[in-house]
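**Q** please find the sequence and the predicted model below.
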Amino acid sequence: MFSTKALNKSTQRLFSTTNPTNFKVTVLGAGGGIGQPLSLLMKLNHKVTDLRLYDLRGAKGVATDLSHIPTNSTVQGFTPEESDGLKNALDNTDVVLIPAGVPRKPGMTRDDLFSINAGIVRDLAKAAAQYCPNAAICVISNPVNSTVPIVAEVFKKSGVYNPKKLFGVTTLDSIRASRFISEVEGTNPTQEKVTVVGGHSGVTILPLISQTKHSMMPKETREKLIHRIQFGGDEVVQAKNGAGSATLSMAQAGALFAGKILQGLDGEADVITPSFVDSPLFKNEGIEFFSSPITLGPEGAEKIHSLGNLSSEEEEMLATCKETLVKNIAKGKKFIDDSKL
């Protein structure tokens, strides 16, 4: 029987206003398919006391809707139609979540989105560099392998780049891996942890199955599982039949990652999660950004962890991953060079 007492305790924790941590969070692209559920989940995070939503349209309506939820945060919506709308959304914020951009459609890869989303991310990064240069910037807009370098280059040109505060959100790959491996093995997905490294697109997504308790999985089963993790987004795009891409699962992934960022900023111990960051792991091979587990703290990314022991199969996949990442990163950097900021 469901416990009412347990429900009451859970509700009290969720809506508690006792000793709140005062963090300001801004969602850029809050009116979109990812932005709306992401904004809802951030409204429910007890560490957020000032939630700001920005989009070309709809942000004020989403903000008003969310403002009726009794959690310890105010919510404001901003649009470019009002004077200083973007400035007010970003001014002195602690965390910026960027899901803005167009969704992927059937037949499109993440790289196909580049020509549109690159410009959107560039312009939002310019504003963030001006109005909240010390904020933790969390990039969700695809293709992450290229949009994160875009943000980095914009911040460098503005003279405010802090590699510890720029993050590409790859959490969706991790939660898919947990779900998919549990389906294969018949286990509880909440108890499955799969470290996923590399990047956030196709063959750059490298799930380290050898480091799980299912390392002896049959080769054919393992290969199918890895392919599904790498291209899981295609399932959603095809199932939605042109109506969008992964929005709800991406919102959950974004909220989970933002929660980790807030825990780190709040000084909680042992906050570790994967992210696509400015990384030393393969810089000597010309790969400036790479996703691996990182320890988060008050200053952002405090430690970047190594990949650990890999199987021979994973070593081969890593080589392919790195070849692709070099091109993806260069594409983002070239976009900014050509923009002549």
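**A** The structure has been received and is ready for your questions.

**Q** contacts and neighbour counts: CA atoms only from here.
**A** Will do.

**Q** need the contact list for R57.
**A** G31, T79 (CA atoms under 8 Å, 6 or more residues apart in numbering).

**Q** look at Q130 and give its secondary structure.
**A** helix (DSSP: H, G, I helix; E, B strand; the rest coil).

**Q** burial measure for it, as a count.
**A** Neighbour count of Q130, defined by other CA atoms under 10 Å: 16.

**Q** separation between it and T26?
**A** When CA to CA, to the nearest Å is the yardstick, Q130 and T26 sit 15 Å from each other.

**Q** and what of V75?
**A** Per CA to CA, V75 is found 10 Å from T26.

**Q** joint contacts of the two?
**A** Common neighbours of V75 and T26 (CA under 8 Å, 6+ apart) are L51, R52, L53.

**Q** buried ones among the residues you listed?
**A** Among the shared contacts of V75 and T26, those classed as buried by 16 or more other CA atoms under 10 Å are L51, R52, L53.

**Q** circling back to that earlier point, mind checking which of V75 and T26 has more residues around it?
**A** More neighbours surround T26 than the other of V75 and T26, with 28 against 23 (other CA under 10 Å).

**Q** part of a helix, is the more buried one?
**A** No. Using three-state DSSP, the assignment for T26 is strand, not a helix.

**Q** and the pLDDT for it?
**A** T26 is assigned a pLDDT of 98 by the prediction.

**Q** and G242, by the same measure?
**A** Looking at G242, the pLDDT reads 78.

**Q** so where do the strands sit in this protein?
**A** 23-28, 48-54, 74-78, 95-98, 136-139, 166-168, 196-198, 205-207, 271-278, 289-297, 300-304 (DSSP state E).

**Q** state the distance from M108 to S245.
**A** 10 Å.

**Q** ok so, going back, can you put the shared contacts of V75 and T26 in JSON lines and add distance to D234?
**A** As requested, the shared contacts of V75 and T26 are exported to JSON lines (distance: CA to CA, whole Å):
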{"residue": "L51", "distance to D234": "32"}
{"residue": "R52", "distance to D234": "31"}
{"residue": "L53", "distance to D234": "29"}
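
**Q** and the residue nearest the centre of the chain, backbone torsions?
**A** Centroid check for the chain by CA atoms, centre = their mean gives V169 as the closest residue, at 2.2 Å. Dihedral angles of V169 (phi, psi; degrees, to the nearest 10) stand at phi -80, psi 110.

**Q** I figured it hits F276, correct?
**A** Yes. The criterion here is CA atoms under 8 Å, and V169 meets it with F276 at 6.6 Å.
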